[in-house]
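# Sharing a model prediction with you, sequence too.
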Amino acid sequence: MHYTPPPRDPKAPPVRINLLSDTQTKPTPAMREAMARAEVGDEQIGDDPSVNLLCERVADLLGKEAAVFMPSGTMCNVAATLVHCRPGDEILAHETAHIIAREGGAHAALGGFQIMPLPGNDGQFSPDTLRKALHPRTRYQPPQVLVSVEQTANIGGGTIWKKKALDEVVSIAKSAGMATHMDGARLLNATVATGISARDMAAGWDSAWIDFSKGLGAPIGGAIAGSRALIDEVWRWKQRLGGSMRQAGICAAACVYALDRHVDRLAEDHANARALARGLSQIPGIEVQEPETNLVFFKPDGAGVPGDKMVAALNKRGVLLAMMDGRIRACTHLDVTAAMIEEMIGHVREIVRAA
């Protein structure tokens, strides 16, 4: 097993349609200009004005007292759990959550935490499931100290947690003396799709973060928000984890640019995802989950083409997608146009026809 990602095969056809992930977005020329003009300083000593501005913006956006800029969303999640929990503590999260399935066991490796996987459809556990998972505090069981949700739920299909369910989860957690954490990797997709503000969506959550390197199209970074005391502790872990940067304003300027210009346009990604799902569903034998945001999960097996074979065939045509949780995931984003969606559907039709 090799952990180092291999470079792309130079003999592979050029990528023409990249639906692998919204992390594949590239900074626009105007965003690059904003980065080049950024005022910078030493972030480690609080002296980078662009970073400070971004943190003020994110704290206000999420309705929290303070925020801190981080190199990645994974570091946001890891630092949050390291602040909320102590070794031997238990976190409750959906069984497909990033912190269980996509972060390399970092929470156990670095914090010694146990994560109880909660079942539920579409990447979400119900408030009743959470309630039933709680146990009395005894010396025989780990202390349950944190509840985490993922908005939107990635492997669930980019599904949106309803505001009512989020509020109920917070109420249950607080009644049990637990803290709450929102993995907001695609939180702004949820706000654009529902019309509910990020501030309202994150209300009651002790920590919440947003990602800039997915649909917002920045090259790097996330920002986590919470109380001043919590963010002060996050800073300690940011330093320990190697996430405390120097002239990070170059990156922060891209994130501020994205907040100003790339949030409302997420609706275009959602429209493209619906168009893709609609086109794929018209191909006999292809099973498609109706998208709520920018993720389209589908299975072509019923059309005579196993998922991995479909992905490989599309790759040969310069179309990138990923297998995830036994299904194909297509992710729309800033660099995917409506014309590309139609072309992608055409390629799938041709592959199925030739099977």
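That came through, no problem. Residues are numbered from 1 along each chain as shown.

# make it CA atoms for all contacts and neighbour counts henceforth
Noted.

# got the contact list for the longest strand seen in the chain?
Secondary structure assigned by DSSP state E gives strand 144-150 as the longest strand of the chain. By C-alpha atoms under 8 Å, 6 or more residues apart in numbering, the surrounding residues in contact with strand 144-150 are 84-85, 89-94, 97-98, 124, 134, 137, 173, 177-185.

# now it: mean pLDDT?
In this model, strand 144-150 has an average pLDDT of 98.

# Ok, stretch 28-42 next?
Here stretch 28-42 scores 98 as its mean pLDDT.

# CA atoms of it as PDB?
This file holds the C-alpha atoms of stretch 28-42, laid out as PDB (Å, rounded to 0.1, in the frame of the first residue of the first chain):
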ATOM      1  CA  THR A  28     -10.300  32.500 -11.200                       C
ATOM      2  CA  PRO A  29      -8.100  35.300 -12.800                       C
ATOM      3  CA  ALA A  30      -9.900  37.900 -10.700                       C
ATOM      4  CA  MET A  31      -9.300  35.800  -7.500                       C
ATOM      5  CA  ARG A  32      -5.600  35.500  -8.400                       C
ATOM      6  CA  GLU A  33      -5.500  39.300  -8.800                       C
ATOM      7  CA  ALA A  34      -7.000  39.700  -5.300                       C
ATOM      8  CA  MET A  35      -4.400  37.300  -3.900                       C
ATOM      9  CA  ALA A  36      -1.600  39.300  -5.600                       C
ATOM     10  CA  ARG A  37      -2.800  42.600  -4.100                       C
ATOM     11  CA  ALA A  38      -3.400  41.200  -0.600                       C
ATOM     12  CA  GLU A  39      -2.000  43.000   2.400                       C
ATOM     13  CA  VAL A  40       0.000  40.500   4.400                       C
ATOM     14  CA  GLY A  41       1.800  40.100   7.700                       C
ATOM     15  CA  ASP A  42       2.800  37.400  10.100                       C
END
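
# give me every residue that touches residue 211.
Residues in contact with residue 211 (C-alpha under 8 Å, 6+ apart) are 72-73, 184-186, 221-223.

# 10 Å instead?
For residue 211, the contacting residues are 23, 70-74, 76, 183-188, 217-218, 220-224, 255, by C-alpha atoms under 10 Å, 6 or more residues apart in numbering.

# Kindly report the same for residue 203.
Residue 203 makes contacts with 62-64, 163, 166-167, 170, 197, as judged by C-alpha under 10 Å, 6+ apart.

# could you say what helices and strands the helix or strand of the chain with the lowest mean pLDDT packs with?
When each helix and strand of the chain is scored by mean pLDDT, DSSP states H and E, strand 322-324 comes last, with a mean of 93. Helices and strands touching strand 322-324, as assessed by 3 or more C-alpha pairs under 10 Å, 6 or more residues apart in numbering; DSSP states H and E, comprise strand 295-299, helix 307-316, strand 327-331.

# mind listing what's buried in that strand?
By neighbour count on 16 or more other C-alpha atoms under 10 Å, the buried set for strand 322-324 is 322-323.

# from the chain's centre, how far out does that strand sit?
Centre-to-centre, strand 322-324 and its host chain are 15 Å apart (C-alpha atoms, centre = their mean, to the nearest Å).

# which residues in the stretch 101-250 of the chain form helices?
106-111, 127-133, 163-175, 187-194, 198-201, 228-240, 249-261 (DSSP state H, counting those that start in this stretch).

# still on that earlier bit, need the helices and strands packed on strand 322-324 in TSV with mean pLDDT, distance to residue 240 and mean neighbour count, can you?
Output for the helices and strands packed on strand 322-324, formatted as TSV (pLDDT from 0 to 100; distance: least, C-alpha to C-alpha, whole Å; neighbours: other C-alpha atoms under 10 Å):
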stretch	mean pLDDT	distance to residue 240	mean neighbour count
strand 295-299	98	34	26
helix 307-316	97	39	18
strand 327-331	98	33	24
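
# Same list, these, but as TSV with distance to residue 201 please.
TSV is the format used below for the helices and strands packed on strand 322-324 (distance: least, C-alpha to C-alpha, whole Å):
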stretch	distance to residue 201
strand 295-299	20
helix 307-316	35
strand 327-331	23
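
# closest one to residue 352 among the helices of the stretch 101-250 of the chain?
Closest approach to residue 352 among those (C-alpha to C-alpha): helix 187-194, 31.5 Å.

# what packs against the closest one?
Judged by 3+ C-alpha pairs under 10 Å, 6+ apart, the packing partners of helix 187-194 are helix 198-201, strand 207-211, helix 266-281.
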